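Participant: The amino acid sequence is not available; the structure is as follows:
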RNA sequence: GGCCCUAUAGUUCAAUGGAUAGAACGCGGGUUUCCUAAACCUGAAAUCCAGGUUCGAUUCCUGGUGGGGCUACCA
């Protein structure tokens, strides 16, 4: 419709002023609610062409459009804005078209579809997932669905940071103080158990340092020579040497963690197609670095460490291999990227990683390009802001971390309390009720996080918990369940939408408002996929749910006597339901039948 | 010090360079004979400061100020 209007305006300008105007000057936007009309042309950019006042120009164009385009029923001019009204019957026709398209808004991947690899989650195996990981997982998962809906071939991956000194720390602490504790014996979730030993390491290490300093050591000596640190370093060396006992311990503890992570991932509803482990990729990275060094692309310092010089790119020197030849983070990521390219031949690779690593990913792409990998141009760091608490940043050392499992439980619990207060779940079994509470609680959590512009830091206040009213996930779910309920009642009453006369009724303004939004859905999906922004979908859904509720509140649907009108409204309801369902799917939020 | 991100009602979030800056929570009023009141209606309340570009700036540019991040032989 917008395209039609644009064409019409171009023709109007040609006919009125005899000029072909650059399309960029024809700015069409949605008419703001407080004015009459559906679409608005901003006439200011056209004044140079018309050489007339804004009002005259707008009126001239309006007259032309109204007599040349039948779909346009009227226009008005305010302050240089030409508000154009599309005939209501035209909107009814649009609704009919929309209802005819089964999966409108979602595209099937063609044979020439881009392959997009999306890496997200990327946990360390020394501690449980926290609130920051939740934002990461939700964004990554939703992005993968957006990409899929936009017709891309999507590979969802996860890289597990399963090696390094930090992993050895929890292994050392468990060996020394664990007394054979296991998840089974303690009843603790595996990742939480391992996390406790990581924290214990840090605490005991600090005690040792304090004792050494009290005995006359300098802080540096204490830091480097505390028995626990020596033990952790020794264990890392043993690990790299493949020592059997160490490897067994490592496997055992990592498996505890993976079992714990799986529970959290399942609760969050996120999935992966392929999981990579740094313990598998770091060697490839090392080899890449050594090859590049041999080709003279890198340089070695006197102490034997290997560096890349990025001063030409306005960055500095970056370490790629330690003086003892071991790999660093960058080394592993180089290896992982190359392995992934070999695995999937991707066109694009999206890394969902926090913005504190902007520099890291800038360097990663540059180093790969320097090594001659042209595909590195397709690497994209999807950089999101941190989740802060009202007291400030979460710090694991200070114990101000919000645990992912805890927050999920808390949200479900809040949903349970709210639901029971409303008391609308009569006739459901306990298990069914729990399932609904879980869906609602998670929707609240997911929506709360996804509706925010990913680039921005966001504040999460666990004490106040999350709203279930207003611009929230449960509000959208609620709207969906109302729709389901109406459709069901209609069915029971034998009212079938879409009879032969469907499309003859003329929608009122509130109905048109809903139709307009439904009409926008496909564009919103591709826009959100383009902009990598689940927040756009979230806000779209809220608009739609609100607009629908306003219509729903004022007009009867099943009780409407006029069959054509009832048909229109039922169809409108049905399509809104489908659209909300699709939109929620994009956000990874479940749509309950009842709540 | 250098580099990057960010600043909007009391709070949490919106706004392709366009009209009177939208919502939600909270606060103040209302609306249930009717398909779900987790709803609907309604009131008060905001663009960090100073310049610049533009017919027009919350948006773009410059300079301040505040907040955050990076600048590790941690990951």
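Facilitator: Looks like it came in fine. Nothing here was measured: the structure is a model prediction, and the numbers come from that model.

Participant: Show the contacting residues for the residue lying closest to residue A:32 once chain neighbours are set aside.
Facilitator: Distance criterion C-beta to C-beta, 6 or more residues apart in numbering; nearest residue to residue A:32, sequence neighbours excluded, is residue A:40 at 7.6 Å. The way it works is simple: take the backbone N, C-alpha and C, and place the C-beta from them, glycine included. Residues near residue A:40 by C-beta atoms under 8 Å, 6 or more residues apart in numbering: A:28, A:29, A:30, A:31, A:32, A:81, A:82, A:83, A:84.

Participant: go with 6 Å
Facilitator: Counting by C-beta atoms under 6 Å, 6 or more residues apart in numbering, residue A:40 makes contact with A:29, A:31, A:81, A:83.

Participant: can you confirm it is in a strand?
Facilitator: Yes - with DSSP: H, G, I helix; E, B strand; the rest coil as the criterion, residue A:40 is part of a strand.

Participant: Show me the beta-bridge partners of it.
Facilitator: residue A:29, residue A:83 (DSSP bridges).

Participant: Run the chain-centre distance for the helix or strand containing residue A:360.
Facilitator: Assigning secondary structure by DSSP states H and E places residue A:360 in helix A:358-370. Here the centre of helix A:358-370 is set off from its chain's centre by 23 Å, with C-alpha atoms, centre = their mean, to the nearest Å.

Participant: tell me which helix or strand of chain A sits lowest on mean pLDDT?
Facilitator: Ranking every helix and strand in chain A by mean pLDDT, DSSP states H and E puts strand A:392-393 at the bottom, with a mean of 68.

Participant: Which positions within the helix or strand just after it qualify as buried?
Facilitator: On the C-terminal side of strand A:392-393, the nearest following helix or strand under DSSP H and E is helix A:404-422. Counting neighbours by 16 or more other C-beta atoms under 10 Å, one finds that the buried residues in helix A:404-422 are A:404, A:405, A:407, A:408, A:410, A:411, A:412, A:414, A:415, A:416, A:418, A:419.

Participant: what's helix A:404-422 packed up against?
Facilitator: On a contact count with 3 or more C-beta pairs under 6 Å, 6 or more residues apart in numbering; DSSP states H and E, helix A:404-422 meets helix A:244-268, helix A:430-450.

Participant: Next up, the contacts around the closest residue in space to residue A:283 that isn't next to it in sequence.
Facilitator: Counting by C-beta to C-beta, 6+ apart, the nearest residue to residue A:283 once its immediate chain neighbours are dropped is residue A:335, at 7.0 Å. Residues near residue A:335 by C-beta under 6 Å, 6+ apart: A:281, A:282, A:284, A:285.

Participant: Just among the residues you listed, which is most surrounded?
Facilitator: residue A:285 (25 neighbours; other C-beta atoms under 10 Å).

Participant: Point out where the stretch 51-200 of chain A drops to low pLDDT.
Facilitator: A:102 (pLDDT under 70).

Participant: any chance you could map the strands in it?
Facilitator: Ranges of strands in the stretch 51-200 of chain A, per DSSP state E, counting those that start in this stretch, are A:72-78, A:81-86, A:115-119, A:153-160.

Participant: got the ones you listed as CSV, with distance to residue A:544 and mean neighbour count columns?
Facilitator: Formatted as CSV, the strands of the stretch 51-200 of chain A follow (distance: least, C-beta to C-beta, whole Å; neighbours: other C-beta atoms under 10 Å):
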stretch, distance to residue A:544, mean neighbour count
strand A:72-78, 25, 17
strand A:81-86, 19, 22
strand A:115-119, 26, 24
strand A:153-160, 25, 21
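
Participant: Pipe those into JSON lines and attach distance to RNA strand B per row.
Facilitator: Putting the strands of the stretch 51-200 of chain A into JSON lines (distance: least, C-beta to the nearest atom of the strand, whole Å) gives the following:
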{"stretch": "strand A:72-78", "distance to RNA strand B": "4"}
{"stretch": "strand A:81-86", "distance to RNA strand B": "4"}
{"stretch": "strand A:115-119", "distance to RNA strand B": "14"}
{"stretch": "strand A:153-160", "distance to RNA strand B": "9"}
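
Participant: sorry, back to before: measure the residue nearest to residue A:32 to RNA strand B for me?
Facilitator: 3 Å (C-beta to the nearest atom of the strand, to the nearest Å).

Participant: next one: residue A:338
Facilitator: Taking C-beta to the nearest atom of the strand, one finds residue A:338 at 17 Å from RNA strand B.

Participant: May I have the residues that are in contact with the residue sitting nearest the centre point of chain A?
Facilitator: By C-alpha atoms, centre = their mean, chain A has its centre lying nearest to residue A:139, at 2.3 Å. If you count contacts by C-beta under 6 Å, 6+ apart, residue A:139 has them with A:352, A:384, A:454.

Participant: Which of those fall within helices?
Facilitator: Judged by DSSP state H, helices contain none of the contacts of residue A:139.

Participant: Nearest to RNA strand B among those?
Facilitator: Of all the contacts of residue A:139, RNA strand B sits closest to residue A:454, with 7.9 Å by C-beta to the nearest atom of the strand.

Participant: pLDDT score for the nearest residue to the closest one once chain neighbours are set aside?
Facilitator: Distances taken as C-beta to C-beta, 6+ apart put residue A:384 closest to residue A:454, at 4.2 Å, once the chain neighbours are dropped. Predicted confidence (pLDDT) for residue A:384: 94.

Participant: now residue A:217
Facilitator: 87.

Participant: element containing it, please.
Facilitator: Short version, using DSSP H and E: residue A:217 is in no helix or strand.

Participant: for residue A:483, same thing?
Facilitator: Using DSSP H and E, the element containing residue A:483 is helix A:473-492.

Participant: now the angle from that helix to helix A:430-450?
Facilitator: Orientation check (axes from the mean of the first three to the mean of the last three C-alpha atoms, to 10 degrees): helix A:473-492 against helix A:430-450 gives 130 degrees.

Participant: And the contacts of the following helix or strand past helix A:473-492?
Facilitator: For helix A:473-492, the succeeding helix or strand toward the C-terminus, using DSSP H and E, is helix A:509-531. Applying C-beta under 6 Å, 6+ apart, the external contacts of helix A:509-531 come out as A:91, A:94-95, A:98, A:104-105, A:146-147, A:149-150, A:536-537, A:540, A:544, A:547-548, A:550-551, A:572, A:575, A:579.

Participant: Buried members of those into PyMOL, please.
Facilitator: For the buried members of those, the matching PyMOL selection, counting by 16+ other C-beta under 10 Å, is:
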select buried, chain A and resi 91+94+95+98+104+105+146+147+149+150+536+537+540+544+547+548+551+572+575+579
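
Participant: Pick out the residue of chain A closest to RNA strand B.
Facilitator: For chain A, C-beta to the nearest atom of the strand, closest residue to RNA strand B: residue A:470, 2.1 Å.
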